[in-house]
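Visitor: build me a model from this:
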Amino acid sequence: MTSSPAPAPSSPGAPQPPGPLRRLTARGRDEAHRVSSPLELFFDLCFVVAIAQAGVQLVHAVSQGHAGDGILNYAMQFFAIWWAWMNFTWFASAYDNDDVLYRVVTLVQIAGVLVLAAGVSRAFQHHDYLVVWLGYLIMRLAMAAQWLRAARSAEGAERTMAVRYASGVLACLVGWLGLVLLPGPARPWVFLVMAMAEMCVPLFAEKDYETSWHPHHIAERYGLFTIIVLGETIASATAAVKGGFDEHGALGELLPIAAGGLLIVFSAWWIYFVVPIHGHLRANGQAFLWGYGHYLIFASAAAIGAGLEVALEHAVGKSHISTLSASAAVTLPTALYLLTVWALHSRHFKVGIAQQLVLPVTALLVICCTFLGGWAVLAAGLVCAAAVATGVTLTARTAGRERTAGATAPAG
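Guide: Numbers count the residues shown, from 1 in each chain. This next block holds a predicted model:
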């Protein structure tokens, strides 16, 4: 992904003959009708398997009263999943040539994330990161191979950039071994240092040359992954409602949480997709911060689903936490989601102080809902729905005033 404000030249490269193998050259940034490929969609779906595993373990940890340890482990596992997904997404936006070798290497990356997913439970429960590291190793070796292949087809500064990416990926793999070899107390520090090192690789690699990622394609890729994560949230909450009703028949206790959760997820979708973010990425060069900031959007969206499961388990007496903690498991990630979407998306398109305040005030009100006991989730859902209605009303009024001003301007 890009790390400097000047856009890369949009050179689509020379036409390539059809065949099973083609040169891996940069695509044009202004390429028309660029959309996600079936391989990219398949890639996303397989990554959600790992996210679901992390969410299950987070539910278990929070329900058992180990929220601090669970959140830390969740943040670590989610970073590995998100970072591998993001690196592939930006690489594919610039270099996807869809030949046989590209497809095979991408399928290897998918296999890696499935290995990582298989190790998530051991990482949570026994702090054993070997399988997680092996899955990450497979994903990142495949990513380094893609960069080396791009370097082979490139020249000059572009070649240097691709080699830097491959070198940075491989160097960080060695650093992540600390999670396997070092004692438990050192592992959070290893994670912090290595996460910062990973995020510095694009800064180092692209300091002299920027990849030709496609703004509309990137916006679509992030949007589709947001949809998939929100869909996983609905699926996990639905399964929890079904399980609670089948085992306990407590429909009265479950329905307010289910209704509130549905309103939260519907509102989350509406709020994210209400703005055309690809125009912002093309216009002001903030794609670097935007892409990194989505760690919080994706992680909080997935955590909402885990929180709903925790609240549902508490409602039927299966958890060992207070009502306040069960409510916070939903309201806090919801508030974080709202604030992050506002910071990355909405504030760039809002006109006037009233529109700018809608999401920050909503996040504050959602946090206040935490203290409403068994009605906290439903209240939070109603607050989110009211925020959507308020935003739509304010936007319509602004558009109406602009139309009126446009109609009266010639007469003036």
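
Visitor: any low-confidence regions in the stretch 201-350 of the chain?
Guide: For the stretch 201-350 of the chain, the stretches with pLDDT under 70 are 246-250, 278-285.

Visitor: and residue 267, what does it touch?
Guide: 381, 384, 385, 387, 388 (Cβ atoms under 8 Å, 6 or more residues apart in numbering). Yep, even glycine has a C-beta here, placed from its N, CA and C like the rest.

Visitor: now those residues: which count as buried?
Guide: 381, 384, 385, 387, 388 (16 or more other Cβ atoms under 10 Å).

Visitor: name the helices or strands packed onto the host helix or strand of residue 152?
Guide: For residue 152, the host element (DSSP states H and E) is helix 130-153. Judged by 3 or more Cβ pairs under 8 Å, 6 or more residues apart in numbering; DSSP states H and E, helix 130-153 is in contact with helix 67-95, helix 100-126, helix 156-176, helix 178-181.

Visitor: quick one, which of those helices is nearest to residue 404?
Guide: Between residue 404 and those, the tightest spacing by Cβ to Cβ is seen for helix 67-95, at 40.7 Å.

Visitor: which parts of the closest one are buried?
Guide: Those would be 67, 70-71, 73-95, for helix 67-95 by 16+ other Cβ under 10 Å.

Visitor: and what of stretch 324-336?
Guide: 325, 326, 327, 328, 329, 330, 331, 332, 333, 334, 335, 336.

Visitor: apart from its neighbours in sequence, what residue is nearest the third one?
Guide: Distances taken as Cβ to Cβ, 6 or more residues apart in numbering place residue 376 nearest to residue 327, at 3.6 Å, with adjacent residues excluded.

Visitor: now swap in the last one and tell me
Guide: When the adjacent residues along the chain are set aside, residue 336 lies closest to residue 300, with 4.3 Å between them (Cβ to Cβ, 6+ apart).

Visitor: residues touching the one you found, list them.
Guide: Counted by Cβ under 8 Å, 6+ apart, residue 300 has contacts 333, 334, 336, 337, 340.

Visitor: so residue 88 sits against residue 106, correct?
Guide: Yes - applying Cβ atoms under 8 Å, one finds residue 88 in contact with residue 106, separated by 7.3 Å.

Visitor: anything in contact with each of these two?
Guide: Contacts common to residue 88 and residue 106, judged by Cβ under 8 Å, 6+ apart, are residue 43.

Visitor: checking residue 28 next. Helix, strand or coil?
Guide: Following DSSP: H, G, I helix; E, B strand; the rest coil, the label given to residue 28 is coil.

Visitor: hang on, isn't it packed against residue 212?
Guide: Yes - Residue 28 is within contact range of residue 212, at 6.5 Å (criterion: Cβ under 8 Å).

Visitor: can you put the helices and strands packed on helix 130-153 in a markdown table and add mean pLDDT?
Guide: Output for these, formatted as a markdown table (pLDDT from 0 to 100):
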| stretch | mean pLDDT |
| --- | --- |
| helix 67-95 | 91 |
| helix 100-126 | 92 |
| helix 156-176 | 94 |
| helix 178-181 | 91 |
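
Visitor: among those, which is nearest residue 294?
Guide: helix 67-95 (7.4 Å).

Visitor: what's the angle between the closest one and helix 156-176?
Guide: 160 degrees (axes from the mean of the first three to the mean of the last three Cα atoms, to 10 degrees).

Visitor: which secondary structure elements does helix 67-95 contact?
Guide: By 3+ Cβ pairs under 8 Å, 6+ apart, helix 67-95 packs against helix 38-63, helix 100-126, helix 130-153, helix 187-205, helix 215-248, helix 287-315.

Visitor: which residues touch the residue nearest to residue 327?
Guide: With Cβ under 8 Å, 6+ apart, residue 376 has these contacts: 260, 311, 323, 327, 330, 331, 369, 370.

Visitor: return the member of the residues you listed nearest to residue 40.
Guide: residue 330 (30.9 Å).

Visitor: ok, the closest one touching residue 377?
Guide: Yes - in this structure, residue 330 is within contact of residue 377 by Cβ under 8 Å, at 5.1 Å.

Visitor: which neighbours do those two have in common?
Guide: Contacts common to residue 330 and residue 377, judged by Cβ under 8 Å, 6+ apart, are 260, 261, 264, 308, 311.
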